[in-house]
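K.L.:
Kindly generate the corresponding structure for this input.
(2 chains)
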Amino acid sequence: MATRRRHPRRRVDEDGRRLHSAGSAIVVALLALLAGALLNPPGLHKSAEIQPQGWKRDVALAVTEPLTSVSDALFLDRPRRGLKAVLGRSEDDEIDTGIAIPDRPPETTPIAPPSREKFTPTRPLRIWVAGDSLVVVPGQSILRAVGERRAIEPIGDVDGRIASGLERPDVFNWFEHVSEVMTKEKPRAVVLMFGGNDDHAFMTGLPEGREIGAFGRASWTAEYRRRVAGVMDTVTRKGAYLVWIGLPITNDPEQTIRFDTINAVVQSQAAKRPGRVSYLDTYFFFAGDDGGYAQYVENDSGRLVKMRADDGVHFERAAGDLIARKVLAHLNQRFDLTSWKRGRS
Amino acid sequence: MLFPTATFAIFFMVVLPLSWLLMPRGERWRAFIIAASFVFYAGWDWRFSILLAFSILWNQVFALAIHARRDARARKLLLTAALTGNLALLGYFKYYDFFITSTNNLFASVGIDVPLEARSIILPVGISFFTFMAISYVVDVYRGDFAPSGLGKFAAYLSFFPHLVAGPIVRPGELIPQLDSPRDPRYVDTSRAFFLIGTGLFMKVVIANYLASNIVDEVFGAPNQHSSLEVLVGIYAYAVQIYADFFGYTSIAIGLALLLGFRFPQNFDAPYTAVSIQDFWRRWHMTLSRWLRDYLYIPLGGNRGSSLFTYRNLMLTMLIGGLWHGAGWTFVAWGAIHGSALVGERWWSERPGYVEPPSTAWRRAWQRFVTFQIVCFAWIFFRSDSFSDAWEVIVRLFTAWSEPSELVTGGVLLAIAVGIGSQYLPRRLPLVLMARFSRLPVPAQALVLSVALLATHAMGPEGVAPFIYFQF
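P.N.:
Residues are numbered from 1 along each chain as shown, chains lettered A, B, ... in the order given. As a prediction, the model looks like this:
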């Protein structure tokens, strides 16, 4: 009697690889993902934590929190921590929501500079450009524009952090970072742009027991104002001059209204710090003839150029160049960056 | 929905078993895979899926009409209409604003104000890829190479999610016959699939993203802030970044398709080992190269004429190939550099009395070096936003050798070395590794893959950057 074969005959392809069943592929993929999840909980948990508020974040946190506990108890997260340590990136998985800002209220009297402060190639103006992803293109334009001015020395490249802002120190803690850069690098001019990811009501790093209301409500505004003021004071109390770039009009009218709310907070705080903080309103730079959003706008030489990226929010290079010129005009009111050249000639 | 994300992993782990369960039931499987592909595509913007559906219906209607006619003139007219529809779709979404701004600025330069307005049109992801695949379908039907398939099969062919947004550009003759019969669930090339997915993830998440965030974006963002050495290394780094990014994507796509039981054509074959630009195009984005050859270069006349005629066809093919990548003059310049190099090579080898010197190791090394420099020079234009930006990069390359080079770190050099060195590995090595992997028991295979996932996740920068070729 012929015996019935239960398993298919093994087959090997021309390169000597053993072919497997689809069931085997599914099992291997599933096990690999599960084991991968158990080996990577710190990273997965951070990815879940920094997601935008919503059900996806809730589900991700509900999954990764017990995974983290299991992995930690079984020491399964040690290889990842070891690898991160070897790479010198041990802090990657840490989440720091502490908001370190000066306690004292800002002084309302302007600090009058003696005159436009002078800088030379031997004593250059140190400038730092930082913010969320919106600052990257204008920041690069600023750095390109100052590239040939030997009296200006940029501190590194543009310090732009994607998806960050002042609402979510868990995504990136700007309060710590600004303080650290101001202490270590001592820039005299700082260009910041925040708010592109702050147009919602979800804030982390709130004082214990404190809750905020909907976006734009009094409690939200009070907390956001506190954070904006804190960043401005951290910068200016170290003696630096701050240019804060306002948020632009976008292709989503509702988003533009939310950006207006943020701009109003920033503008009012800048006005309280005359001579130390300057607010650059970008709204009308990118409005069309009808006052609404326009992706293509004529530049100074009358050429129609693409100013805004396809997402309707971010900038193209031409827009960056336009903002850079305005930022440098603001800096020129406070600093004399060309006198060393005139003196030499 | 990006491949290296948890969302996609969950999506795929739902699709994979269901696909195999439904595989024996042809019609149901096709309906399922089309639905899954539309869900995948709608993850970017649900409105894009209307375009995809339109492309499927438009091309199927014309393919059936062309096939039904015997009259050559009517067939040609129908083909022209089908191609016009495809190119109009691509032209409107990808090139309309480019055309308007170029026209306005051209007339403005001679003092004429043209009242044409740009429309802020959003470019649907992958439109260049699925339009080229649709064109190859109607052209193959017209040529009689291929009979039109049913609507379900064609829809599954065009929308199949592993290739949908950035290729490889799969020919109808390569995929539609595989859709005719159920794949055999007993024999799946799982080790090759996992190897491709693993290497693809590593190249994208670790190599491409690391180079982008540690040198390329900074150098091309503000070249005059960087030393000549940083600019030079930044250009080489971009060459590796774009290779790692696109090779990574297509490797993952080919691996995913294999797990679902389908074979896609190879898209890269160690392109930076090419000994000439012609050789480079046999190794880089191979499915686009052969598409341009078969649906553009040969219909233009190919090399069936005088040398000048051939040079014209080569230049036209490369210029259009450049424009296919993006609506900008810098992409045209990129195509022109490659076209000129191809013409130059052809002219050189066709000179009267020219005899090909013997191929020695030194000669090949020199040819590889020169070819790589030409390719990298062309990448400057590909990466730059404008000619003035590209010029700034080129000038900086020669004018700041005394400046410090903080961006040229050991990590950057290592990533470049890995990206280029991996192309010089013996061809047997991955085959041996895959064969050994295939003989491991299931738990051991899963363990190896999970360790690879751990390393890739830990070594990659935070966040997931989109693939470069998505914008094309």
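K.L.:
Which parts of the stretch 201-345 of chain A are strands?
P.N.:
Taking DSSP state E, counting those that start in this stretch, the strands of the stretch 201-345 of chain A run over residues A:241-245, A:277-280, A:296-298, A:304-306, A:335-336.
K.L.:
how many other residues sit next to A:Asp321?
P.N.:
21 (other CB atoms under 10 Å in any protein chain shown). Backbone N, C-alpha and C define where each C-beta goes, glycine included.
K.L.:
which residues touch it?
P.N.:
A:Asp321 makes contact with A:141, A:145, according to CB atoms under 8 Å, 6 or more residues apart in numbering or on different chains.
K.L.:
ok, so what distance separates it from B:Arg143?
P.N.:
Applying CB to CB, to the nearest Å, the value for A:Asp321 to B:Arg143 is 49 Å.
K.L.:
just to revisit the earlier point, pick the most buried one from the strands of the stretch 201-345 of chain A.
P.N.:
strand A:241-245 (a mean of 25; mean count of other CB atoms under 10 Å in any protein chain shown).
K.L.:
Which neighbours in the sheet does that one have, and how are they oriented?
P.N.:
Each strand paired with strand A:241-245, and its direction, by DSSP bridges: strand A:189-193 (parallel), strand A:277-280 (parallel).
K.L.:
among these, which is nearest B:Phe268?
P.N.:
Nearest to B:Phe268, of all the strands paired with strand A:241-245, is strand A:189-193, at 38.9 Å by CB to CB.
K.L.:
Now the closest one: buried residues?
P.N.:
A:189-193 (16 or more other CB atoms under 10 Å in any protein chain shown).
K.L.:
neighbouring contacts of stretch B:91-99?
P.N.:
A:295-296, A:306, B:51, B:118-124, B:127-128, B:323, B:327-328.
K.L.:
Now a PyMOL select for only the buried ones of the residues you listed.
P.N.:
Paste this into PyMOL to select the buried members of the contacts of stretch B:91-99, with burial taken from 16+ other CB under 10 Å:
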select buried, (chain A and resi 295+296+306) or (chain B and resi 51+118+120+122+123+124+127+128+323+327+328)
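K.L.:
Cross the contacts of stretch B:91-99 against strands and list the overlap.
P.N.:
With DSSP state E as the criterion, strands contain A:296, A:306 from among the contacts of stretch B:91-99.
K.L.:
Which ones among the contacts of stretch B:91-99 map onto helices?
P.N.:
B:51, B:127-128, B:323 (DSSP state H).
K.L.:
so how far is chain B from the residue nearest to A:Gln51 when sequence neighbours are not counted?
P.N.:
Distances taken as CB to CB, 6 or more residues apart in numbering or on different chains place A:Arg57 nearest to A:Gln51, at 4.1 Å, with adjacent residues excluded. From A:Arg57 across to chain B, the span is 12 Å (CB to the nearest CB, to the nearest Å).
K.L.:
Which is the succeeding secondary structure element to the host helix or strand of A:Arg57?
P.N.:
Using DSSP states H and E, A:Arg57 sits in helix A:55-73. Sequence-wise, the next helix or strand downstream of helix A:55-73 (DSSP H and E) is helix A:78-86.
K.L.:
Could you check how far that following helix is from the centre of its chain?
P.N.:
Mean-position distance between helix A:78-86 and its chain equals 26 Å (CA atoms, centre = their mean, to the nearest Å).
K.L.:
contacting residues around it?
P.N.:
With CB under 8 Å, 6+ apart, helix A:78-86 has contacts from A:39-40, A:42-43, A:90, A:92-93, B:454-455, B:457-459.
K.L.:
give me that answer again for 6 Å
P.N.:
A:40, A:90, A:92, B:458 (CB atoms under 6 Å, 6 or more residues apart in numbering or on different chains).
K.L.:
what's the burial count for the third one?
P.N.:
A:Asp92: 16 surrounding residues under other CB under 10 Å.
K.L.:
Does chain B have contacts with stretch A:155-175?
P.N.:
Yes - interface with chain B: stretch A:155-175 contributes A:157, A:162 (CB under 6 Å from any CB of the partner chain).
K.L.:
Could I get the average pLDDT for that stretch?
P.N.:
Mean pLDDT, stretch A:155-175: 90.
K.L.:
Just the buried residues of it, please?
P.N.:
Result for stretch A:155-175 [16+ other CB under 10 Å]: buried residues A:155, A:157-161, A:163-175.
K.L.:
can you check stretch B:339-355 too?
P.N.:
B:339-343, B:345-346.
K.L.:
Dump these into a markdown table; add distance to A:Met232 and pLDDT as well.
P.N.:
Output for these, formatted as a markdown table (distance: CB to CB, whole Å; pLDDT from 0 to 100):
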| residue | distance to A:Met232 | pLDDT |
| --- | --- | --- |
| B:Gly339 | 54 | 96 |
| B:Ser340 | 54 | 96 |
| B:Ala341 | 54 | 97 |
| B:Leu342 | 57 | 96 |
| B:Val343 | 59 | 96 |
| B:Glu345 | 60 | 95 |
| B:Arg346 | 63 | 93 |
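K.L.:
export those to a markdown table and tack on secondary structure?
P.N.:
Shown next, in a markdown table, are these (DSSP: H, G, I helix; E, B strand; the rest coil):
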| residue | secondary structure |
| --- | --- |
| B:Gly339 | helix |
| B:Ser340 | helix |
| B:Ala341 | helix |
| B:Leu342 | helix |
| B:Val343 | helix |
| B:Glu345 | helix |
| B:Arg346 | helix |
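K.L.:
that older thread, now for the contacts of helix A:78-86, which sits with the most neighbours around it?
P.N.:
That'd be A:Asn40 among the contacts of helix A:78-86, by other CB under 10 Å, with 26 neighbours.
K.L.:
excluding its backbone neighbours, what's nearest A:Glu211?
P.N.:
A:Glu211 sits nearest to A:Ser219 (CB to CB, 6+ apart), 7.5 Å away.
K.L.:
Name the single longest strand found in chain A.
P.N.:
From DSSP E, the single longest strand across chain A is strand A:125-131.
K.L.:
show me the contacts for the closest residue to B:Leu296 other than its chain neighbours.
P.N.:
For B:Leu296, ignoring the flanking residues on the chain, the nearest one in space by CB to CB, 6+ apart is B:Thr317 at 5.2 Å. Counting by CB under 6 Å, 6+ apart, B:Thr317 makes contact with B:292, B:296-297.
K.L.:
7 Å - rerun?
P.N.:
B:292, B:296-297, B:300 (CB atoms under 7 Å, 6 or more residues apart in numbering or on different chains).
K.L.:
just B:Ala82 next, same as before
P.N.:
Applying CB under 7 Å, 6+ apart, the residues near B:Ala82 are B:59, B:62, B:138.
K.L.:
Would you mind measuring from B:Ala31 to B:Lys153?
P.N.:
11 Å.
K.L.:
of these two, who's got more company?
P.N.:
B:Lys153 (21 against 15).
K.L.:
So for that one, what's the pLDDT?
P.N.:
93.
K.L.:
what do you get for the one 3 residues further on?
P.N.:
Note on B:Ala156: pLDDT of 95.
K.L.:
which one of the contacts of helix A:78-86 sits closest to B:Phe369?
P.N.:
Of the contacts of helix A:78-86, the one sitting nearest to B:Phe369 (CB to CB) turns out to be B:Ala458, at 34.9 Å.
K.L.:
Excluding chain neighbours, what is closest to the closest one?
P.N.:
For B:Ala458, the spatially nearest residue (CB to CB, 6+ apart) is A:Leu83, at 4.6 Å.
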